[in-house]
Structures are given as C-alpha cells and as structure tokens.
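In: just need the structure, nothing else, for what follows:
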Amino acid sequence: MITSLYTPTHVLLGEGAEEKAGEELRKEGAKKVLIHYGSERVVTTGLMKKVTDQLDNEGISYVLLGGVKPNPRVSLVREGIALAEKEGVDFILAVGGGSVIDSAKAIAYGLYDKTGDVWDFYSGARVPRGSYPIGVILTLAATGSEMSDSSVITNEEGNLKRGCNTDYCRPRFALLNPELTYTVLPYQTSCGTADIMMHTMERYFHAGKTLELSDNLSIALLKTVAENGVKALSNPKDYEARKNLMWASSLSHNGLMQMGNDQRGDWSCHQIEHELSGMYDVAHGAGLTAIWASWARYVYTKDPERFAKLGAGVFGIKRTASPERDAEEAIKAFENYFASIHMPTSLKELGINPSDKEIDELAEKATFFGKRTIGAFMTLGKDAIKAIYTAARK
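Out: Numbers count the residues shown, from 1 in each chain. Next up is the predicted model:
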C-alpha cells in the first residue's frame, strides 16, 4: 500500500507570527478578504485591529463575519457564503481555533461551487470540486485544522455533525504565535490537549502493518502533549508549553502520523463523539475523553500489544509477560490522565445521561442510518456502537 503526505500550508511558528498576515495575503494576491472569527475575544485582545491594520497597509479590502460557535453551524456557513459572494471576496482568513477554521473551509467550498447547498458536501450528496483559498491565524491549539484536509460542520436540522475531507481545503498559510493562546480558558486548554492526543491515537490504532518510525513519532508526540498540557494548565503563560501544544496540534492532524501505515486510521471515537456533540452540543475534546476508555475496553483484545506499547511509551508503564494486563494498565493510565486535566471519562461526568432510546438514535446516526460501519482497528456496527455508548454512560 502506498501512503501519501501532502502539506502545502506555509507555517510560521513563533512570537509575532500574526504580524505576517498582510504579507502572506499580498503573496497570495488577495484583493478582498472575508475575516472569519468566533467570539469577541479576538476584538477585545486587540488581535483584530492588528490584522485589519496590516490589510489597510497592504491596500487589501476586507469584510468581517464573527459568531462562530463550537461545533460550527451550517446556518452561519450559508450566511458567510452569501456575504462573501455579495462583497466579491476572493480569500478567506480564519482568525480563531478549529471551529472557525472549519467554518471558513465550508464557506470556501460553498463559494467555489454554488450549484447546490453547501451541506451537500458534508452529507455526501456531492463531492467538492475545489475551494476558495484560506489562511489561518490560530488562537487555540486543538483540532489541527490549520494544516489538515478536514472540516466538520453541524446541521441544526436533525442535529447532525458531519465531516468533509479533501486536499482542496488545506490552508495556504497558518500563522502560529503561542502567545495568542495565553488567554485560552483552562477547560479549553484541556479539551485541546485531549483532541490533539486523540487525533494521534486515531492514526496509531489501525488494523494493518505499521511503520516503526510512525509509531515512535506518535508516542513522542503523545508524551510531549501530555506533559505540556499539564504545564499550560499550571502556568497559562508558559511559552514553551504553549508552543509545543500548538505545533503538536498541527502535526497530529496533517497526515504525518499515518505515513507508512497500511491504513489511514481507526476514527471510531471521532465518529461516536460526533453524534454526541451533534445531539447535545458538548465540547469535542471532552466528548472524546468521555467515550475513549469505553471504546478501548471494547476493542483492546483485538491487539492488546498495541495498547501495551502505547502505555509503556507515553506513561512509562513497566511491561510484564501479559500484553492483556499491560493493555488494561495503559487504558487506566490514559483514563487517569484525562481525569487529572479535568476531562470527563464518562457521559455522566460529561453532564449527559442518554436514555436507551437516545443511545439507539446515536448509534443509528453513527452508522449513517445503516449505510456504514465504522473503525479500522476493529469494525463496529450498530450493536457494538450501542454497547460503547452504554458502557460510557456509567
């Protein structure tokens, strides 16, 4: 099997990276930019003025669209497409975290191809044929959307959360200044730390042969993120901790961690969590930690050595003669780590208590209403997914 790595994004990492926005937009030939953002924190911190001053100096026009929320909504995407078309926008600049970037990517898809509704790309009714160019100023280390081929959007009609993956949406540039994450709330820092770790593990767990170097890179990244997540929570202005998290966010989701492996990765936890955040609007990182251990305990007997190796590499768990026992200890170690950074390890801790009927609905949606199974490490159908949701409900 041939694996590929495509990373066209020009990354600038370090202090003052956001001050290169005007220069990067000029290089891209931008004439009018849609600046897309989420909360007013971007304005109150002075970041927005810093960005618009650069565009003014470069003679680049712009229009603003804020209001992106976690689990970004397709309704705002449609609003963005209409605004950008009306204003003659030719470039989209996302200023924010993963939700803002994903929303910007969806707008970029919709602008490029207006022959139908943008949700078609996320429902699978149509496949994108291109995308308007996107740039990023990152303010939250979490999703890795700043370098990835992925965008995830929520449709309020039916509470469906769906993804669209193509290389068209990879940003042209990503400006990464760790200082911009100093004001991120502790809960968001923890969610981001968890999301980075999950992106790495989704690729680590697969059913085929693996490349030793990719395994070692995954283990090193997980260990680094676990350590620096704690440091950033202890001291929000720890520059080196924030820098490690920010760069790990990008590397965990740009494709590097899957190179040389027989399969792209498992992604069951993401598919299971998408239905949770689609129905209950929970934070993505927290939703992932709430179900991960239940997924792990359901599947680990397929290849306990895989889990045992991860536990030894990330948390230094001493190996024994029993891979099964070592795998169980590894799962406990990850569960304990998530708890230590105040992430939920069950649906109850997440603050939700789905009924049996709701679990059936969640599982049905995860299978796209019976049209697919999920997972690569272990293939999961509706009954298995229901079992994982039920175990996570504790």
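In: hey, let's count contacts and neighbours off CA atoms from now on
Out: OK.
In: lowest-confidence helix or strand of the protein?
Out: Of all helical and strand segments in the chain, the minimum by mean pLDDT, DSSP states H and E falls on helix 41-44, at a mean of 94.
In: the stretch 51-200 of the chain: helices as residue ranges?
Out: Remark: helices assigned in the stretch 51-200 of the chain by DSSP state H, counting those that start in this stretch are 74-87, 98-112, 119-123, 186-204.
In: out of these, deepest packed?
Out: Highest mean neighbour count of the helices of the stretch 51-200 of the chain: helix 98-112, a mean of 27 (counted as mean count of other Cα atoms under 10 Å).
In: just give the nearest non-adjacent residue to L211, would you?
Out: Nearest non-adjacent residue to L211, counting by Cα to Cα, 6 or more residues apart in numbering: G260, 5.3 Å away.
In: if we can go back for a sec, buried residues in the least confident helix or strand of the chain?
Out: V42 (16 or more other Cα atoms under 10 Å).
In: with just CA atoms, put it into CSV.
Out: Taking C-alpha atoms only, helix 41-44 is exported to CSV below (Å, rounded to 0.1, in the frame of the first residue of the first chain):
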residue,chain,number,x,y,z
ARG,A,41,-12.1,37.9,22.4
VAL,A,42,-10.4,38.4,19.1
VAL,A,43,-11.5,42.0,19.2
THR,A,44,-11.0,42.8,22.9
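In: how far does that helix sit from its chain's centre?
Out: Centroid separation for helix 41-44 versus its chain: 22 Å, with Cα atoms, centre = their mean, to the nearest Å.
In: what comes into contact with that helix?
Out: 48-49, 95-96 (Cα atoms under 8 Å, 6 or more residues apart in numbering).
In: related to what we said a few turns ago, nearest to M279, of the helices of the stretch 51-200 of the chain?
Out: helix 74-87 (14.7 Å; Cα to Cα).
In: now do the closest one against helix 98-112, angle only.
Out: On the basis of axes from the mean of the first three to the mean of the last three Cα atoms, to 10 degrees, helix 74-87 is oriented at 50 degrees to helix 98-112.
In: what average pLDDT does helix 74-87 get?
Out: The pLDDT scores in helix 74-87 average 98.
In: list the helices and strands it packs on?
Out: helix 98-112, strand 150-155 (3 or more Cα pairs under 8 Å, 6 or more residues apart in numbering; DSSP states H and E).
In: pipe those into JSON lines and attach distance to L288 and mean pLDDT per row.
Out: Shown next, in JSON lines, are these (distance: least, Cα to Cα, whole Å; pLDDT from 0 to 100):
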{"stretch": "helix 98-112", "distance to L288": "15", "mean pLDDT": "98"}
{"stretch": "strand 150-155", "distance to L288": "15", "mean pLDDT": "98"}
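In: let me have these in CSV, extended by distance to G192.
Out: Output for these, formatted as CSV (distance: least, Cα to Cα, whole Å):
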stretch, distance to G192
helix 98-112, 10
strand 150-155, 16
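In: looking at those, spot the one closest to W267.
Out: strand 150-155 (12.8 Å).
In: quick one: the closest one to helix 98-112, angle?
Out: Using the same axes, to 10 degrees: strand 150-155 against helix 98-112 is 90 degrees.
In: so what touches strand 150-155?
Out: So strand 150-155 is in contact with 71-75, 101-103, 105-106, 119, 122, 145, 160-166, 169-170, 278, going by Cα under 8 Å, 6+ apart.
In: and if you look at stretch 89-96?
Out: By Cα under 8 Å, 6+ apart, stretch 89-96 touches 30-38, 42, 62, 100-101, 104, 108, 132-140.
In: enumerate every residue touching the closest residue to M259 other than its chain neighbours.
Out: Spatial nearest neighbour of M259, chain neighbours left out: T3 (5.8 Å); criterion: Cα to Cα, 6+ apart. Counting by Cα under 8 Å, 6+ apart, T3 makes contact with 258-262.
In: now do the residue nearest to H253 when sequence neighbours are not counted, the pLDDT please.
Out: Nearest non-adjacent residue to H253, counting by Cα to Cα, 6+ apart: G144, 5.2 Å away. Per-residue confidence (pLDDT) for G144: 98.
In: what separation do you get for G144 and N353?
Out: Distance of G144 to N353, computed by Cα to Cα, to the nearest Å: 30 Å.
In: among these two, which residue is more densely surrounded?
Out: G144 (27 against 16; other Cα atoms under 10 Å).
In: distance check, the more buried one against E157.
Out: In terms of Cα to Cα, G144 sits 27 Å off from E157.
In: picking that back up, tell me the secondary structure at the residue nearest to L211.
Out: Assigned by DSSP: H, G, I helix; E, B strand; the rest coil, the conformation of G260 is coil.
In: and the residue with the largest distance to the centre of the chain, what pLDDT?
Out: The C-alpha centroid of the chain is most remote from A321, which lies 36.3 Å away (Cα atoms, centre = their mean). Turning to A321, the model gives it a pLDDT of 98.
In: what of K50?
Out: The model's pLDDT for K50 equals 98.
In: with L350 instead?
Out: Reported pLDDT for L350: 98.
In: now L34
Out: On the pLDDT scale, L34 gets 98.
In: tell me the contacts of the closest residue to V184 other than its chain neighbours?
Out: In space, and not counting its chain neighbours, V184 is closest to L140: 7.1 Å by Cα to Cα, 6+ apart. The contact partners of L140, by Cα under 8 Å, 6+ apart, come to 96-98, 180-181, 184, 189, 192, 246.
In: just to revisit the earlier point, among the contacts of helix 41-44, which ones are buried?
Out: Using 16+ other Cα under 10 Å, the buried ones in the contacts of helix 41-44 are 48, 95-96.
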